[in-house]
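Enquirer: this is a predicted model, with the sequence first.
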Amino acid sequence: MNLEHANIYRLGVGPRKHHPDSPEAIKEVKANVQKWKKRVRIQIHMAFFLNKIIRIFFWILLLSFIPVTSILLRFFLCDPIADGSYLNADLRVECNSPEYNEMKPIAWFGCIFYIIGIPACFFAVLSAARSENVDALTIMLSENEHERARYLAMARADVETEGGIFTPPVTVSGALSLIRTYTRRKNLRSHKTKSRIGFIVQSYSEWAWWYEMWELLRKLMLVGVIALLRPGTVMQILWGLGICVGSSFVSLLIRPYSQKDDGWLNNLCLAQLQFVLFCGLLIRLQVDLFHKEGKGDSTYDAEIAIGIAVIGSHILVMVVALGLLAYELANAPRHQAALRASLQRKQEAARRNLELWSKGRRMALMRKAKRDKERAAHGDSMGSEALKGQVTELGMWFVVCGGGCGGCGGCCLLLFVVVCCCWLFVAVARGVFLVCCVMADK
């Protein structure tokens, strides 16, 4: 392949100066091969470098989203002091002053551009990667029945190897919809997508590729938006509890994580957040947990006990997280080997399903060609018999007419011979046409 490419490369430069088998020509071909390999190596290194740059860029956006968002939203957090309202981050700035009003449009622009733009950017990039070449493939398959059947067989193999149930479509639009879904899943598995933005979706199942955007929204609500909702009141704590309970419900309902350990740790963190907010609610309401009223001087303090419980919940989450991390590190080689074996088994199962489909498709086409051949042969024999009867009747009519006119009948006999020759030519041409059709089907 390399030598062939080198020959083509040399032919594009100009006419040959040496014989192809001469030492000079061989030396020139080897030099061209080395140049080609060097260009390919540079292109590969450039592709890897570009993938790393894109991955680092999205990592920076993901890690800086919450801190920058919190700073932007705190610009609108003002504390009422005396007769005025002052900025919580800098009490020297009055919220209705000209200086504050001049900076407000910039803050709104930052909120719209960053808070809404980053999740929208992630969603747009992932959607574009999933939908790459899907529309063109759909248009092509809508006109090609054989390719549509082949892609539908691959979609079925993919669903069945993942342990799902494949429901055969009854219409062309249903088949195209299944193929589009399969192609989108396949695009997310491509090396290009995984090397650039694969870290965004690698922890989730293929159907839950959007869950990271939901996580960004949840963190935004808990860290940024909730700070503006009546800070320091019971309502603020209740809003936080509602967000945590809703997030836990969504996580337990759809189970988006591909690994069970990740799902357990996520649900534990959400439960710990709910516990901390509930403890904050108890402190804010000054609930008498130990019934200190009416008992004189009590040695038990509810705030101290709640603080110890909150610290213990944090320690528990850290211990569980470190335990899961140690377990995964200890079993990483076996897990990777089992994952590769599972992937290989899935590929083998998909290959067997495709081979069975190809065999069945080939047999169906052969049976169809055989039926068409038999139908054509039967129709040809029926037509030949009818044509023979017509020619016989025509010959008898010619004889009767020749005898009736009193002549020798030579002209009528000549006409009869011409008709028989035409019939023979039509029969031979028809047979040749059927043979050509059968050969084309094979």
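Expert: Nice, thanks for sending it over.
Enquirer: so residue 265 is in which element?
Expert: Using DSSP states H and E, residue 265 falls within helix 260-285.
Enquirer: that helix packs against which elements?
Expert: helix 234-254, helix 302-330 (3 or more C-beta pairs under 8 Å, 6 or more residues apart in numbering; DSSP states H and E). Where C-beta positions appear, they are placed from N, C-alpha and C, glycine not excepted.
Enquirer: from the chain's centroid, how far away is it?
Expert: Relative to its chain's centre, helix 260-285 lies at 33 Å (C-alpha atoms, centre = their mean, to the nearest Å).
Enquirer: buried set for that helix?
Expert: Buried positions in helix 260-285, judged by neighbour count with 16 or more other C-beta atoms under 10 Å: 263, 265-270, 272-282.
Enquirer: now that helix: average pLDDT?
Expert: The predicted model assigns helix 260-285 a mean pLDDT of 90.
Enquirer: tabulate the helices and strands packed on helix 260-285 (TSV), appending mean pLDDT and mean neighbour count.
Expert: Conversion of the helices and strands packed on helix 260-285 to TSV gives the following (pLDDT from 0 to 100; neighbours: other C-beta atoms under 10 Å):
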stretch	mean pLDDT	mean neighbour count
helix 234-254	90	16
helix 302-330	88	13
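Enquirer: got the ones you listed as JSON lines, with distance to residue 136 columns?
Expert: As requested, the helices and strands packed on helix 260-285 are exported to JSON lines (distance: least, C-beta to C-beta, whole Å):
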{"stretch": "helix 234-254", "distance to residue 136": "32"}
{"stretch": "helix 302-330", "distance to residue 136": "41"}
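Enquirer: can you give me the helices in the chain?
Expert: 2-11, 23-73, 98-110, 117-130, 134-143, 145-161, 172-188, 191-201, 211-223, 234-254, 260-285, 302-330, 332-404, 410-441 (DSSP state H).
Enquirer: these: which one's closest to residue 84?
Expert: Closest to residue 84 of those, according to C-beta to C-beta: helix 98-110, at 11.3 Å.
Enquirer: and the helices of the chain: which comes nearest residue 91?
Expert: Using C-beta to C-beta, these put helix 98-110 closest to residue 91, at 12.4 Å.
Enquirer: who are the neighbours of that closest one, in terms of helices and strands?
Expert: Using 3+ C-beta pairs under 8 Å, 6+ apart, helix 98-110 sits against no helix or strand.
Enquirer: now do stretch 92-109: everything it contacts.
Expert: Stretch 92-109 is contacted from outside by 72, 75-76, 78, 84-87, using C-beta atoms under 8 Å, 6 or more residues apart in numbering.
Enquirer: now do 7 Å
Expert: 72, 75, 78, 84-87 (C-beta atoms under 7 Å, 6 or more residues apart in numbering).
Enquirer: ok, now stretch 265-281?
Expert: With C-beta under 7 Å, 6+ apart, stretch 265-281 has contacts from 234, 237, 240-241, 244-245, 247-248, 251-252, 257, 306, 309-310, 313, 317, 320-321, 324.
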